[in-house]
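Colleague: sequence? don't have it. structure:
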């Protein structure tokens, strides 16, 4: 009963690429690569982690081999620490040793970490070779659109990176069935974010269908991923290099990244951290006049079983310091994406530090047992 | 008697940028940065080495400071070993610590190594920030046009990089007066290369004016640099991402890179290695029917006091192996840029390994004392 895959195009002129979403796509990977113009004369390198690798690497490799490709693979430890310059260097070494050339492609089989890491390899190996995303998480629906690839620096996340658009995103929803529930919830945070910034009806659909999404219902997932990707694709098409509009995609991320950094990478999943960040942004929006916004936002996040408060042990000043180092602070001003209503946001450069401090404190108090 | 600076535009659509060539430009650096749209609200980072730094860093910093910019600097050891991922990582750390943001610019004050290294920092810091080239060598006239920036991997040169166009190239010919004679000669190798691939009259001008060029005559240098940059700019404008035409700029580089790698970085300067590579390419061209090409090419290279033979201790098979790993080998085929005549080359994918071997042997024998 597999439905016909949905194909969405990210419109970026000569860098446009398709996102294919559906069931059982891995088995037809070679065909999709060929359609995307990936030549079979040069070796491919599949980058994956020890979560996705054991589950899907053999299947993908077999499909590619049967289709005439030579597919090599590299398995890195799962999690954010693999998004480092050291692991990156190991992958570059591997690519050189295996003779990858300018006609080769790097495939990212995994979640956002693998996509970012493998994408940065593809974006910088020989000054950029082909890149194919094969996301195996819900969260990756966000990172697979837009071409942002990066590794972390010990002092700040995603500090080292480039824009490198994939040739193809192959989204096999069957791979999502193996996700742990916590990862599912964290992934849905980015999905509902696309509704919160751009499409109130979609945000409400996420709340109404939270049960089906959390239960990994294929149809609900495919619809939600398609909508999330489509919203992001519309925004990225208008602003590929993040000059302005694209910044709205960072709703919840200014504080979210700071939470991840201060708590230590790993304590919060990215989606959890930005869920708290989106609750914070709603509070800022409310202070600027959007009555009831926090309660409505929180109802949507909580329907998806996402955190909306801050543990008291996360230091407020440490968060403030981490935010000062954030890429999103341009020329020393604090820039926040602030919602005006569900489905509509503004880029505010006039949020003062005291407002941010007070919102952080409120998020902590609202998290205390009463 | 400083002449009016010459300004040349590299035409790349919205990524077009000016190359300003003249005397005494460092003193007016702030003005040129402002004209190029570099904002003064965010800090600049000047990357230089312990050759150019002691000579020009104070002057450049003072000029920028007087013009309202905040200019920080990082000095790295001179030479190819600084084009490493380690030095790159140090510079990224410095940029983060100093609070460089998306409105900041990285300035490269030095030769090709500094341009490549600083350019890769600029191209990947926060996914790409502004970049300004301030070349202080003749060789850098080549690397400052085209946007290719990279660091080396222990297994192969320039393996890690991106295309990142500068906002501005500021070429102060006064900085060339401090170059050691050997660096002057090596730089002129890339200058005459532009004639050899594209413009016979310019190649002949280089031979006729070799004495003035070697004596660092300002007028001759400015003309030669302008012509060299202009030829490269015309080629790059037609083919920014090195799909095809741009490959002709690699005349002499296939063997040249291999010589550098096998001899150990540092024994040959880049310009010396590609001079030998161009002599080799001329021999291949002669074997394919271009009578007299080797003698004519060698007369141009020798006028500039450049090497045209190979020392016997450089292993032929080691060179062959190094060439196999070169980026310019696409899908396992050996690709050489082969001259048809002075000023005209072809991209040949049918040069067999035995021909290359025999040419290497001839270059060694012609270098033996008779």
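Modeller: Thanks, I have it. Computed from a prediction, not measured in an experiment: that's the story for all the values here.
Colleague: Please name the bridge partners of residue A:19.
Modeller: The bridge-partner assignment for residue A:19, based on DSSP bridges, gives residue A:8, residue A:169.
Colleague: So what touches the lengthiest strand in chain A?
Modeller: Counting by DSSP state E, the longest strand found in chain A is strand A:156-163. Applying Cβ atoms under 8 Å, 6 or more residues apart in numbering or on different chains, the external contacts of strand A:156-163 come out as A:85, A:116, A:120, A:123-124, A:128, A:147-153, A:240-241, A:257, A:260-261, A:265, A:322, A:325-327, B:92, B:96, B:123-128, B:162. Bear in mind the C-beta positions are built from the backbone N, C-alpha and C, glycine included.
Colleague: before we move on, what about stretch A:223-243?
Modeller: By Cβ under 8 Å, 6+ apart, the list of residues contacting stretch A:223-243 reads A:6, A:8-12, A:15, A:19, A:21, A:138, A:141-142, A:144-148, A:163, A:169, A:171, A:173, A:188, A:190-191, A:194-195, A:197-199, A:202, A:205-206, A:209, A:213, A:245-246, A:248-249, B:127-128.
Colleague: ok, of those residues, which come out buried?
Modeller: For those, a neighbour count by 16 or more other Cβ atoms under 10 Å in any protein chain shown gives the buried set as A:6, A:8, A:10, A:19, A:21, A:138, A:141-142, A:144-148, A:163, A:169, A:171, A:173, A:188, A:190-191, A:194-195, A:197-199, A:202, A:205-206, A:209, A:213, A:246, A:248-249, B:127-128.
Colleague: quick one: contacts for residue A:244?
Modeller: residue A:347.
Colleague: Do you know the pLDDT at it?
Modeller: pLDDT recorded at residue A:244 is 78.
Colleague: same question, residue A:157
Modeller: 84.
Colleague: Likewise for residue A:2?
Modeller: Residue A:2 carries a pLDDT value of 59.
Colleague: Kindly report the same for residue A:13.
Modeller: pLDDT for residue A:13: 85.
Colleague: re earlier: could you check the angle the longest strand of chain A makes with strand B:156-163?
Modeller: 90 degrees (axes from the mean of the first three to the mean of the last three Cα atoms, to 10 degrees).
Colleague: In contact with residue A:96: list those residues for me.
Modeller: Applying Cβ under 8 Å, 6+ apart to residue A:96 gives the contacts B:153, B:155, B:156, B:159, B:325.
Colleague: Got a ChimeraX select line for the buried ones in these?
Modeller: Entered in ChimeraX, the line below selects the buried ones among those, by 16+ other Cβ under 10 Å:
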select /B:153,156,159,325
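Colleague: May I see the buried residues of whichever helix or strand residue A:119 is part of?
Modeller: Assigned by DSSP states H and E, residue A:119 falls within helix A:112-124. With burial defined by 16+ other Cβ under 10 Å, the residues of helix A:112-124 counted as buried are A:112-124.
Colleague: between these, which is nearest chain B?
Modeller: For the buried residues of helix A:112-124, the residue nearest chain B by Cβ to the nearest Cβ is residue A:124; the value is 5.4 Å.
Colleague: how close does that closest one sit to residue B:102?
Modeller: 19 Å (Cβ to Cβ, to the nearest Å).
Colleague: Then residue A:15?
Modeller: Taking Cβ to Cβ, one finds residue A:15 at 21 Å from residue B:102.
Colleague: And for residue A:71?
Modeller: 37 Å.
Colleague: just for the stretch 151-300 of chain A, where's the confidence low?
Modeller: Regions of the stretch 151-300 of chain A meeting the criterion pLDDT under 70 cover residues A:242-243, A:265.
Colleague: where exactly do the strands run in it?
Modeller: A:156-163, A:168-172 (DSSP state E, counting those that start in this stretch).
Colleague: The stretch 1-150 of chain A now?
Modeller: Under DSSP E, counting those that start in this stretch, the stretch 1-150 of chain A gives strands at A:6-10, A:17-22, A:44-49, A:71-76, A:105-110, A:130-135, A:148-153.
Colleague: ok, residues contacting the shortest one?
Modeller: It stands for strand A:6-10. A:16-22, A:145-146, A:165, A:222, A:226, A:229-230, A:233, A:236-237.
Colleague: Return the distance of stretch A:192-203 from the chain's centre.
Modeller: What separates the centre of stretch A:192-203 from the centre of its chain is 16 Å, taken as Cα atoms, centre = their mean, to the nearest Å.
Colleague: Between the two ends of it, how far is it?
Modeller: One end of stretch A:192-203 to the other measures 5 Å (Cα to Cα, to the nearest Å).
Colleague: And for stretch A:259-276?
Modeller: Length of stretch A:259-276, first residue to last, Cα to Cα: 9 Å.
Colleague: Which of the residues in it are classified as buried?
Modeller: A:259-263, A:268-276.
Colleague: between those, which is closest to residue B:177?
Modeller: residue A:261 (48.3 Å; Cβ to Cβ).
Colleague: What residues does the closest one make contact with?
Modeller: So, once contact is read as Cβ under 8 Å, 6+ apart, residue A:261 ends up touching A:156, A:157, A:322.
Colleague: any idea which of these is closest to residue B:218?
Modeller: The closest of those, once distances to residue B:218 are taken by Cβ to Cβ, is residue A:156, at 45.3 Å.
Colleague: Which strand residues bridge that closest one?
Modeller: residue A:153.
Colleague: Next: residue A:72.
Modeller: Here residue A:72, judged by DSSP bridges, has bridge partners residue A:45.
Colleague: so how many other residues sit close to it?
Modeller: Neighbour count for residue A:72, taken as other Cβ atoms under 10 Å in any protein chain shown: 18.
Colleague: next one: residue A:219
Modeller: Residue A:219: 11 neighbours (other Cβ under 10 Å).
Colleague: Alright, I will stop here.
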